[in-house]
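Q: With the input below, show me the fold.
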Amino acid sequence: TLIVSGCGVEELPDELGGLKGLRVLEAEGNAIRSLPAGLTSLEVLNVANNKLRSLEPLAAATTLQRLTADGNPLDMPEEELGDLLDSLPRLKALSLSHCSLPHLPPSIGSLESLESLNVADNDLESLPQSMASLKRL
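A: Have a look, this model is predicted:
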């Protein structure tokens, strides 16, 4: 477990990806603009209220179960966000509130383990029909 919330951190070092025992990373309320690659052993990640525009480096975090990225100015094309969600099959909780998301990709319906989804205060005009597949929600 590594907690660096509210520390004014602007960058997470790439070497964090080499910490194979790192299961929980709490980095809420900083000024982080990008995530390091290689965070493959994470189970819980909280990067709320940073300056992240993409979550794409998390595609290798296949063990991730809880992702909180509220309050980031995400600017991910629908396909990129869809590819990311496809790569996170164990995700149980996803929170992307206040991220100015204009859409959710249809692939969100493939998150069979998802029990909690928070997409409040975004720019969503509709929800994908595939959400009907989220039986644990």
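Q: Would you mind confirming that Leu35 is in contact with Asp14?
A: No - when contacts are counted by CB atoms under 8 Å, Leu35 is not listed as touching Asp14 (10.0 Å). Where you see a C-beta, it was placed from the backbone N, CA and C, and this is true even at glycine.
Q: So for these two, which residue has more residues nearby?
A: Leu35 (25 against 12; other CB atoms under 10 Å).
Q: Show the contacting residues for that one.
A: Leu12, Val47, Leu52, Leu55, Pro57, Leu58 (CB atoms under 8 Å, 6 or more residues apart in numbering).
Q: what about the third one, how many neighbours?
A: Burial measure for Leu52: 24 neighbouring residues, criterion other CB under 10 Å.
Q: That one: what's it in contact with?
A: So Leu52 contacts Ile32, Arg33, Ser34, Leu35, Ala69, Asn72, Pro73, Leu74 (CB under 8 Å, 6+ apart).
Q: Helices along this protein, start to end?
A: Along the chain, counting by DSSP state H, helices occupy 78-86.
Q: what comes up buried for the worst-scoring helix or strand of it on mean pLDDT?
A: The weakest-scoring helix or strand in the chain, judged by mean pLDDT, DSSP states H and E, is helix 78-86 (a mean of 95). For helix 78-86, a neighbour-count test (16 or more other CB atoms under 10 Å) marks Glu80, Leu81, Gly82, Leu84, Leu85 as buried.
Q: which residue is nearest the middle of this structure?
A: Leu67 (4.4 Å; CA atoms, centre = their mean).
Q: residue contacts, that one?
A: With CB under 8 Å, 6+ apart, Leu67 has these contacts: Leu45, Leu55, Leu58, Leu88, Leu91, Ala93, Leu94, Ser95.
Q: What residues are bridge-paired with it?
A: Leu45, Leu94 (DSSP bridges).
Q: start at 18 instead
A: Sure, I'll start numbering at 18, so the last one becomes Leu84.
Q: how far away is Gly126 from Asp92?
A: Remark: distance between Gly126 and Asp92 (CB to CB, to the nearest Å) = 23 Å.
Q: out of the contacts of Leu52, who's nearest Arg40?
A: Nearest to Arg40 among the contacts of Leu52: Leu75, at 14.4 Å, using CB to CB.
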